[in-house]
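*Asks:* Model the following, please.
(2 chains)
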Amino acid sequence: MDYLSKYDLLGAFWVTVQLTVLSAVGSLVWGTLLAAMRVSPVPLMRGFGTAYVNLVRNIPLTVIITFSAVGLSSTLGVVLADKNEHGFFEVNNFRLAVLGFTLYTATFVCEAIRSGINTVPVGQAEAARALGLGFGQTLRIVVLPQALRSVVAPLANVLIALTKNTTVASVIGVAEASLLMAEMVEKQADLLPISALFALGFVVLTLPTGLVLGWIGRKVAVKR
Amino acid sequence: MSAPGTVPMIRMAGVDKFFGPLHVLRSIDLEVPQGQVVVVLGPSGSGKSTLCRTINRLEPIDSGTIEVDGQPLPAEGKALARLRADVGMVFQSFNLFAHKTILENVMLAPVKVRGTASAKAREEGMALLERVGIANQADKLPAQLSGGQQQRAAIARALAMKPKVMLFDEPTSALDPEMVNEVLDVMTSLAREGMTMLVVTHEMGFARRAADRVVFMADGEIVEDTTPEEFFTSAKSERARDFLGKILSH
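*Replies:* Numbering: from 1, shown residues only, chains lettered A, B, ... in the order given. Coordinates of the predicted model:
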């Protein structure tokens, strides 16, 4: 396997890490907002949250990512980078992929957080309301902090799935790990060693994620 | 019932409440004048907890009117939140915020609802914790305290908002027997200081000692509304005598 030095293995995995981290942050924010909508007293927001989650999580990720690049960007002209910039195509598609992963993964984050909200005793919100806190304050200060602490482990699952899902970005030409793997498999004869190498790469990324977040989850759990 | 020209702190008129087909409050009329301590007694399922919870609209009512300090209860929203800020509530299950320390529990509403400066809220919060005798527990989490200490912290949390009236929904029912008195002592001293209180409880001793007035409920109705002395010695209704017979005989 002396051809390895010809390929930028670390560079490709670095793109995978960037896709994962940016999409994770985006989907945590958007997923939390969706969860807030789904428990809100306003019927319109509840309806939107429910409809969004049930629609988006049931669309294959490949379709969402392809639509981001072909539909959103090429046809509708939504551009997330400077057209005159060098490497516009790469930057634009990378950002579109982050957008697609965020929109998709947020639905799973939302449902994890919503199940966390159900673990918070109803008396906690009642006490907050009885003190004069509004709905937003009750959710932000009392309910969500406790809900999030109880769903660290399920969120770790979502993050691990997201890490592996980023390979779908290769369909729109984002140079992450799996695109490099496809290229290497095509040019070299060593199918098994190359596959094993990339599989190992992903395990190296996701195994610590699960272990560390599992530990954090136990650490921050709310004692009742 | 209240002195002429003064507005009662709580006024309920013709209040009805249903849980599905169950008629839990039947045309309740009740006035609590400022400074009075009213103890609500009655068997389980008589609607006394529900009555308590309708006063700050944790349970919405189906018909009738409720006024607090002359203000009709607003619908859900900012106005209701403002009214709730003036009505302290203590729950059976304490409901201290589990992820915050005792002091943070007490400081939270003054800072977030009243906009009190953090340093001032801390100082007042510590004074309140001192008053209920748990200042040395200020930096612990609720789960690290005994039930009695948690309930005293919950009373301090409610008092931190300087409420006009305090509602107690079975404050000692979830406590081990040896911790009941430490909570009742705090409540008795509050009553002596002139706080307007509505207390749903099974503590007959507290009713005798601290109440100005006893309201006895059964099947969603107010059956008796009298002084503690009269209620415990010469209850008029059959149901009240039956209730007293069951709880005072052992």
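*Asks:* For chain B, which residues are neighbours of chain A?
*Replies:* Within chain B, the positions lying close to chain A (CB under 8 Å from any CB of the partner chain) are B:56, B:58, B:76, B:78, B:81-87, B:89, B:91, B:93, B:95-99, B:108-109, B:112-113, B:141, B:143-144, B:154, B:157-158, B:161. The way it works is simple: take the backbone N, C-alpha and C, and place the C-beta from them, glycine included.
*Asks:* now chain A, which segments are flagged as low pLDDT?
*Replies:* A:1 (pLDDT under 70).
*Asks:* Which residue would be the closest one in it to chain B?
*Replies:* In chain A, the residue found nearest to chain B is A:Gly132; the distance is 2.9 Å by CB to the nearest CB.
*Asks:* neighbours of that residue, just the number please.
*Replies:* Per other CB atoms under 10 Å in any protein chain shown, the neighbour tally for A:Gly132 reads 24.
*Asks:* ok so it is a helix residue?
*Replies:* No: using DSSP: H, G, I helix; E, B strand; the rest coil, the assignment for A:Gly132 is coil, not a helix.
*Asks:* What subset of the residues of chain B next to chain A is buried?
*Replies:* With neighbours counted by 16 or more other CB atoms under 10 Å in any protein chain shown, the residues of chain B next to chain A contain buried members at B:56, B:58, B:81, B:83-87, B:89, B:91, B:93, B:95-99, B:108-109, B:112-113, B:141, B:154, B:157-158, B:161.
*Asks:* B:Ser27: neighbouring residues, count only.
*Replies:* 15.
*Asks:* which other helices and strands contact the helix of greatest length in chain B?
*Replies:* The residue-count maximum for a helix in chain B (DSSP state H) belongs to helix B:177-192. Contact here means 3 or more CB pairs under 8 Å, 6 or more residues apart in numbering or on different chains; DSSP states H and E; on that basis helix B:177-192 packs against helix B:147-159, strand B:196-200, helix B:204-210.
*Asks:* got the contact list for A:Ser195?
*Replies:* A:Ser195 makes contacts with A:181, A:185, as judged by CB atoms under 8 Å, 6 or more residues apart in numbering or on different chains.
*Asks:* buried stuff in the host helix or strand of it?
*Replies:* Element membership for A:Ser195, per DSSP states H and E: helix A:191-220. Neighbour counts over helix A:191-220 (16+ other CB under 10 Å) mark A:194, A:197-198, A:201-202, A:205-206, A:209, A:213, A:217 as buried.
*Asks:* Next, B:Ile28: phi, psi?
*Replies:* Dihedral pair for B:Ile28: phi -80, psi 130, per degrees, to the nearest 10.
*Asks:* what's the closest non-adjacent residue to it?
*Replies:* The shortest distance from B:Ile28 to any non-neighbouring residue, by CB to CB, 6 or more residues apart in numbering or on different chains, is to B:Val15 (4.2 Å).
*Asks:* what kind of secondary structure is that neighbour in?
*Replies:* strand.
*Asks:* can you check the one 3 residues further on too?
*Replies:* At B:Phe18 the chain is in strand, as set by three-state DSSP.
*Asks:* Could you measure from B:Val132 over to B:Pro142?
*Replies:* With distances taken as CB to CB, to the nearest Å, B:Val132 is found 14 Å from B:Pro142.
*Asks:* Tell me how many other residues crowd residue 40.
*Replies:* Picked chain A for this. A:Ser40 has 16 nearby residues by other CB under 10 Å.
*Asks:* Oops, wrong one, chain B.
*Replies:* 27.
*Asks:* Just want the angle from the one helix or strand it maps to to strand B:196-200.
*Replies:* Element membership for B:Val40 (DSSP H and E) is strand B:37-41. On the basis of axes from the mean of the first three to the mean of the last three CA atoms, to 10 degrees, strand B:37-41 is oriented at 10 degrees to strand B:196-200.
*Asks:* just checking, what packs against strand B:37-41?
*Replies:* Using 3+ CB pairs under 8 Å, 6+ apart: strand B:37-41 touches helix B:48-54, strand B:196-200, helix B:204-210, strand B:213-218.
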